[in-house]
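>>> After the sequence you'll find the predicted model.
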Amino acid sequence: MIFLDVKEAIEKRRAFRSLKPVKITKKLINDLAGSAQLAASCFNNQPWRYIFVYETEMLKKMHDALSEGNKWAYKASLIIVILGKQEDDCVIRDRIYYRFDIGMATAHMILRATELGLVAHPIAGYSPRKTREILRIPEDIDVIALVIIGKHSDKINPDMSDKQVIAEKERPERIPIKSFVFHNKYKGK
């Protein structure tokens, strides 16, 4: 088992698209879920809900929910569907916390997957409606995002666009810290 410190996991995490299979076990699912379980949340409400899709037939059904640009995700060994409801967490005046809290829990899970040597690639290119239909998710629960899980492959996935291939080979540029950090007061545009 690989162990990284938090900073190493943050630095190592990449949204790779070239994947090879990894064995998905209940032990792995519980490990990832256990990392999410420990995340902070408003008044400890823990509003996150996850569906771990790993059976071959269900993964193939989920392909119908993916956008054209995410065909690379057909090689996923696991798709984690992130769910939540506003009512399950704090709403304090105009502050709605559930997506923030679910995001923190999901980040814990992504970093744990990275520590275990996996790729955990969150995507927005999917149909919430189709996902809802395939997985029988009730209408009152938000389908927030998907996380694609697999092992990184050095072989470039042929379903990737030219832009995706470039991002696969070299980490995409990050915006400079000075453009998103302000000292003592907001100084943005």
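Cool, got the structure.
>>> OK, contacts around the residue lying closest to A124 once chain neighbours are set aside?
For A124, ignoring the flanking residues on the chain, the nearest one in space by Cβ to Cβ, 6 or more residues apart in numbering is A145 at 6.4 Å. For every residue, glycine as well, the C-beta is placed using N, CA and C. Taking Cβ atoms under 8 Å, 6 or more residues apart in numbering, we find A145 in contact with 82, 106, 122-124.
>>> Select from those every entry located in helices.
Cross-referencing those against helices under DSSP state H gives T106.
>>> buried subset of the contacts of A145?
Among the contacts of A145, those scoring as buried are 82, 106, 122-123 (criterion: 16 or more other Cβ atoms under 10 Å).
>>> which residues sit against the helix or strand encompassing M104?
Using DSSP states H and E, M104 sits within helix 98-115. The contact list for helix 98-115 (Cβ under 8 Å, 6+ apart) reads 2-4, 6, 9-10, 12-13, 31-33, 35-42, 45-48, 50, 80, 82, 84-86, 88-90, 119-120, 122, 144-145, 147, 149.
>>> go on, stretch 159-168?
For stretch 159-168, the surrounding residues in contact (Cβ under 8 Å, 6+ apart) are 15-18, 69, 71-72, 74, 156-157.
>>> Buried residues of it, list them for me.
159-160, 164, 167-168.
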